[in-house]
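Asker: Fold the following, please.
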Amino acid sequence: MKRQVHILFKGSVQGIGFRWTARKFAESNHLSGWVKNLPDGRVELTVQGDKDKIVNFIINLEEAMAGYIVQKDIDWQSPKQNFHDFEIRF
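Answerer: This next block holds a predicted model:
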């Protein structure tokens with residue numbers, strides 16, 4: 001069953017390649033969705049796919065960005081629309 005998660009990351013998460021790292025891990029886990037920087041300094045993302053792959057994606061991203069993430073807010077959701085790839089939004 002396809003799942004979706006919406007996450008807001010807070011910390012020093014902009015200007016460090018966070019979005020490109022998220023895309024790399026999403027693609028390697030065969031997930032779809034998007035990531036973008038917010039004007040207040042946070043990074044927002046929505047990712048869809050199998051729950052186990054999403055959990056692996058989150059672990060990979062947290063490990064790679066451990067020194068930059070201060071807080072994350074996770075909201076598990078039912079998919080509202082289908083994404084076909086993982087994109088960096090501007």
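
Asker: just checking, next helix/strand downstream of the longest helix seen in the chain?
Answerer: Counting residues, the longest helix found in the chain (DSSP state H) is helix 51-64. Later in the chain than helix 51-64, the nearest helix or strand by DSSP states H and E is strand 69-77.

Asker: tell me which residues in the longest helix of the chain are buried?
Answerer: Buried residues in helix 51-64, counted by 16 or more other CB atoms under 10 Å: K53, I54, N56, F57, I58, N60, L61, A64. In short, each C-beta sits where N, CA and C put it, glycine included.

Asker: distance between it and the chain's centre?
Answerer: 9 Å (CA atoms, centre = their mean, to the nearest Å).

Asker: Which elements pack onto that helix?
Answerer: strand 2-11, helix 18-28, strand 43-50, strand 69-77 (3 or more CB pairs under 8 Å, 6 or more residues apart in numbering; DSSP states H and E).

Asker: Give me the mean pLDDT for it.
Answerer: Mean pLDDT, computed over helix 51-64, is 97.

Asker: quick one on the thing from earlier: select, out of the helices and strands packed on helix 51-64, the one closest to F86.
Answerer: Checking these against F86 by CB to CB gives helix 18-28 as the closest, at 3.9 Å.

Asker: Quick one: work out the angle between that closest one and strand 43-50.
Answerer: 0 degrees (axes from the mean of the first three to the mean of the last three CA atoms, to 10 degrees).

Asker: next SSE after helix 18-28?
Answerer: Using DSSP H and E, the helix or strand that follows helix 18-28 in sequence is strand 32-37.

Asker: Next, the residues that contact that next one from outside, please.
Answerer: Outside strand 32-37, the residues within contact range by CB atoms under 8 Å, 6 or more residues apart in numbering are 4, 14, 18-19, 22-23, 26, 43-49, 82-90.

Asker: What are the buried residues along that strand?
Answerer: Here strand 32-37 shows S32, G33, W34, V35, N37 as buried, counting by 16+ other CB under 10 Å.
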